[in-house]
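Engineer: pasting the sequence and the predicted coordinates here, then a few questions.
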Amino acid sequence: MKRIGILTSGGDSQGMNNAIRAVTRTAIAGGMTVMGIRNGYQGLIEGDIEELQLRSVSNILDRGGTFLQTARCLEFKEEAGVLKAVKTCKDFGIEGLVVIGGDGSFRGAKDMSAHGIPTVAMPGTIDNDIACSEYTIGFDTAVNVAMEAADKLRDTSASHHRCSVIEVMGRNAGWVAVDVGISAGATYVLVPEVPFTLDEVITKIKRGEEAGKKNFMIVASEGVFMDSKKNKNYPYLSGLGLTSATKFARVLEELTGVESRATILGHIQRGGSPTARDRYIATEMGCRCANLLMEGKSNRVVVIKENKIIDLDIVEALNMTKEFDMERYLLANTIGI
Ligand code: ADP
Ligand code: F6P
C-alpha cells in the first residue's frame, strides 16, 4: 500500500484533528502518502481531496472541530454513492481509507471494505454512545465544556435561590448528562435510558429545601424531551406536555415554588480545545488506524475495551450493544442531595 485517504464523517467532535494528525504522520513515517478528503463521504464521492504533508497537520492539535470538515451524506447510503466513492479512490490512487466518526460512518467504512477498499475506522462523537467502544473521542471535552457552563449557572442560581434546568447534548444517550451531573453537582440527572417521574424530582427539591438547600440544578439530556425508541420517558413526559427543558422548568417552578430557569447548552458542547484525554486517545487511535492499514488489515474498527486500545472486525463491532452505566447514573442521583 502506497497511498491512503482519511476523512471525518457525521457530527464533528473534539479530538478529530488530533486523530487526523496522528494518521498522517504515522503513515508518512511508514513511507506512504496521505490524502485528506474534505466533507466526509461527500468529498469522497466528489473527489474533494488534497495531499496532506507533515506540515499540513501542524498547529491543529489544540483546535476543536475537524479541519477536513465533515458532512452527513445521504447519497453515500445508496450503492450508487458507494460505487462513486470507490471510483474516486481508484482515480486518486487511494488504496486504503481511515474513517473517523460514529456508527453511521462505520457502516460506510464496512461498505468501502466490502467494495475492495481496505478501510479502518475509529469512534469520534461527543455522545460516547458507540456500542463497541468504552470511549469516543470528544466526550471528555464536551463534558468539560458543559461542566464549566453548569458551574457558571450555579453562580447565578445560588445568588437568586433558583433552580437551573440545564439541557445537555445526547439525542439517544445520557452519558454526557451523567458525567456533567456528577462533576457539577446536579440535584437530579434526567436521561432517556432511565424512567423517572416528575414527583421524584419535586420530592427531591422539597427535601433539599427542608435540609436548607437554596439552589438546585437539574441536568437533562436533550434526548429526554425527544420522541425516540431509546427515550423511555417520552410517552410520560409528552402526556404532561413536557416536551422541552423550558416547559419542564416552568412546571417545576409551579409545583415547587422555586423560581426556575432553563438553559440549553446546544452546539457549544461540540466546540473548544480538546482536553488532554481526548488528544492522547485520538492520537493513539489514529496511530493504530494507520498501522492497521500498513499491516494490510481491512474492515477493522479501533476501540477502547477495558481501558486498552484494541481493534475489532467492523461487522462484529456494529452488532454489539452497550449497557447504560446505571452505577454512574445512581451515583449522580444520590450524591446531589
Ligand atoms: P455518525 O457517523 O456520527 O453516526 P451519521 O449517522 O450521520 O453519523 O452517519 C454519517 C455518514 O455515514 C452519513 O451521512 C452517511 O454518509 C454514512 N452512513 C450512515 N449510515 C450509513 C449506512 N447505513 N450505510 C452506509 N453509510 C452510512
Ligand atoms: O451525535 C452528536 C450530537 O452532537 C448529538 O448529541 C446531537 O443530538 C446531534 O449530534 C446534533 O446534531 P446536529 O449537528 O445535526 O445538530
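Structural biologist: Great, that's in hand. Numbering: from 1, shown residues only. Ligands and ions are numbered 1, 2, ... in the order given.

Engineer: can we go C-alpha only for contacts and neighbour counts from here?
Structural biologist: OK.

Engineer: how far away is Thr263 from Ser133?
Structural biologist: 30 Å (C-alpha to C-alpha, to the nearest Å).

Engineer: measure whatever residue of the stretch 201-337 of the chain ends up closest to ligand 1 to Arg107 for me?
Structural biologist: Nearest residue of the stretch 201-337 of the chain to ligand 1, counting by C-alpha to the nearest ligand atom: Leu318, 10.6 Å away. Per C-alpha to C-alpha, Leu318 is found 8 Å from Arg107.

Engineer: Met326 too?
Structural biologist: Distance, Met326 to Arg107, using C-alpha to C-alpha: 28 Å.

Engineer: more neighbours, those two?
Structural biologist: More crowded of Met326 and Arg107, by other C-alpha atoms under 10 Å: Arg107, with 16 against 12.

Engineer: which residues are in contact with the helix or strand in which that one is found?
Structural biologist: Counting by DSSP states H and E, the element that carries Arg107 is helix 103-114. When contacts are defined by C-alpha atoms under 8 Å, 6 or more residues apart in numbering, helix 103-114 is touched by residues 9-10, 76-77, 82, 86, 99, 118-121, 123, 130, 298-299, 301, 314-315, 318.

Engineer: 7 Å instead, please
Structural biologist: With C-alpha atoms under 7 Å, 6 or more residues apart in numbering as the test, helix 103-114 has contacts from Ser9, Gly10, Val82, Val86, Val99, Thr119, Val120, Ala121, Ile130, Ser298, Asn299, Ile314.

Engineer: quick check, pLDDT for Gly336.
Structural biologist: pLDDT for Gly336: 85.

Engineer: so what's it closest to, chain neighbours aside?
Structural biologist: In this structure, Gly336 finds its nearest non-sequential neighbour in Thr187, 4.4 Å apart by C-alpha to C-alpha, 6 or more residues apart in numbering.

Engineer: near the one you found, how many other residues are there?
Structural biologist: By other C-alpha under 10 Å, the burial measure for Thr187, its neighbour count, is 24.

Engineer: please apply the same query to Tyr41.
Structural biologist: Tyr41 has 30 neighbours, counted by other C-alpha under 10 Å.

Engineer: which parts of this protein sit against ligand 1?
Structural biologist: Counting by C-alpha under 6 Å from any ligand atom, the chain comes close to ligand 1 at 9-11, 41, 72-74, 76-77, 101-105, 107-108.

Engineer: Met320 and ligand 2, how far apart?
Structural biologist: 18 Å (C-alpha to the nearest ligand atom, to the nearest Å).

Engineer: what's the answer for Ser113, then?
Structural biologist: Distance of Ser113 to ligand 2, given as C-alpha to the nearest ligand atom: 24 Å.

Engineer: now do the strands in this protein.
Structural biologist: Applying DSSP state E to the chain gives strands spanning 3-8, 33-37, 49-52, 96-101, 119-123, 163-168, 188-190, 216-221, 260-264, 300-305, 308-313.

Engineer: quickly note the distance from the residue lying farthest from the centre of the chain to ligand 2.
Structural biologist: Of all residues in the chain, Glu210 sits farthest from the chain's C-alpha centroid, using C-alpha atoms, centre = their mean; the distance is 38.2 Å. Going from Glu210 to ligand 2 by C-alpha to the nearest ligand atom gives 36 Å.
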